[in-house]
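Colleague: Give me a 3D structure for the following:
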Amino acid sequence: MPTIPYSDIIQAAQAAGDAIMAVYQKDFEVYQKNDDSPLTEADLAAHRVIVDALQRLTPDLPILSEESENAPWDERKTWDRYWLVDPLDGTKEFVKKNGEFTVNIALIEHGEPTWGVVDAPALGCTYHGGTATQGAWKSVNGQNTPITVSKAPESNAGWRIVGSRSHQSDAFKAFLDDFDAPEIKSMGSSLKICLIAEGEADLYPRLGPTSEWDTGAAHAVLLGAGGQLNVAESGEPLRYNQEESVLNPFFIARGA
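Modeller: Take a look at the predicted model:
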């Protein structure tokens, strides 16, 4: 099994972030994909940077990216180890220019996210880690600081719950009824899960649609920080590449 050059993959994510910021700082066109989600030249520029780097650094590992044509399920179901990539997660936040978008690269092994990097180029920080490296870190200006989840409140009061900046649903609002005046933290992209990982929030219920590339990298970081991300209905850990669809079930991310 080939060794993963984690530091080089982090640099690739940051290089993709630089490519995104080159577009972010100018006027750009927004296109609609077949599923009505937005697409910009920044998505495609970041995709090219990441795929070129991964193919050079780990030529034996397949890549599943949001911006590439998916491999047929008959092929993909044989993958025990592969890269799961979202070149620009939070394109809606990118278009709004609020800075809450990320580059996501996850290593998936036997259905589990074992390592990931989440680069937030407009915010100047990078999260990385997982069970493969036995920890998680936040990097700002090249300085790595270990991160861990917070201990959850013991009663219904005092909870810090993460909600989506763009997708607050009726189900989310109903979920809040079980808590006593929780603090709601709104955030875009996979940064919601990273808030849990660094101990800045306690719970993130995602009761709406997401795809596997939206969550894989931050999920790995969360696991490295001591948290968990489980299917809302069953309570089982969320797994990847288990069926032809790349849509996730509803899930709940939480700290300790």
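Colleague: Go through the top helix by length along the chain and flag the buried ones.
Modeller: The longest helix of the chain (DSSP state H) is helix 6-24. The neighbour-count check on helix 6-24 (16 or more other Cβ atoms under 10 Å) flags 6, 9-17, 19-20, 23-24 as buried. (Each C-beta comes from the backbone N, C-alpha and C, glycine too.)
Colleague: Please apply the same query to stretch 128-138.
Modeller: Of all the residues in stretch 128-138, those buried under the rule 16+ other Cβ under 10 Å are 128, 129, 130, 132, 135, 136, 137, 138.
Colleague: List the contacts of the fifth one.
Modeller: Applying Cβ atoms under 8 Å, 6 or more residues apart in numbering, one finds that residue 135 lies in contact with 129, 146, 224, 225.
Colleague: cool, and residue 211?
Modeller: Neighbouring residues of residue 211 by Cβ under 8 Å, 6+ apart: 66, 86, 246, 247, 248.
Colleague: now with 6 Å?
Modeller: By Cβ atoms under 6 Å, 6 or more residues apart in numbering, the residues touching residue 211 are 246, 247.
Colleague: Over to residue 195?
Modeller: Neighbouring residues of residue 195 by Cβ under 6 Å, 6+ apart: 162, 201.
Colleague: For residue 159, see how far away it is.
Modeller: Relative to residue 159, residue 195 is positioned 13 Å away (Cβ to Cβ, to the nearest Å).
Colleague: so where do the strands sit in this protein?
Modeller: Counting by DSSP state E, residue ranges of the strands within the chain are 31-32, 38-39, 63-65, 81-89, 102-109, 112-120, 125-130, 135-140, 143-146, 160-164, 183-187, 203-206, 228-231, 251-254.
Colleague: can you put the ones you listed in a markdown table and add distance to residue 171 and mean pLDDT?
Modeller: Formatted as a markdown table, those follow (distance: least, Cβ to Cβ, whole Å; pLDDT from 0 to 100):
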| stretch | distance to residue 171 | mean pLDDT |
| --- | --- | --- |
| strand 31-32 | 26 | 74 |
| strand 38-39 | 23 | 73 |
| strand 63-65 | 28 | 97 |
| strand 81-89 | 21 | 97 |
| strand 102-109 | 24 | 98 |
| strand 112-120 | 24 | 98 |
| strand 125-130 | 27 | 98 |
| strand 135-140 | 29 | 98 |
| strand 143-146 | 34 | 96 |
| strand 160-164 | 11 | 88 |
| strand 183-187 | 15 | 92 |
| strand 203-206 | 8 | 95 |
| strand 228-231 | 15 | 98 |
| strand 251-254 | 12 | 97 |
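Colleague: how about the ones you listed in a markdown table, adding distance to residue 52?
Modeller: Output for the strands of the chain, formatted as a markdown table (distance: least, Cβ to Cβ, whole Å):
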| stretch | distance to residue 52 |
| --- | --- |
| strand 31-32 | 22 |
| strand 38-39 | 19 |
| strand 63-65 | 11 |
| strand 81-89 | 12 |
| strand 102-109 | 13 |
| strand 112-120 | 16 |
| strand 125-130 | 19 |
| strand 135-140 | 22 |
| strand 143-146 | 25 |
| strand 160-164 | 31 |
| strand 183-187 | 30 |
| strand 203-206 | 31 |
| strand 228-231 | 30 |
| strand 251-254 | 31 |
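Colleague: Report how many residues lie close to residue 110.
Modeller: Neighbour count for residue 110, taken as other Cβ atoms under 10 Å: 11.
Colleague: Give me the phi and psi angles of it.
Modeller: Here is the backbone geometry of residue 110 (degrees, to the nearest 10): phi 50, psi 40.
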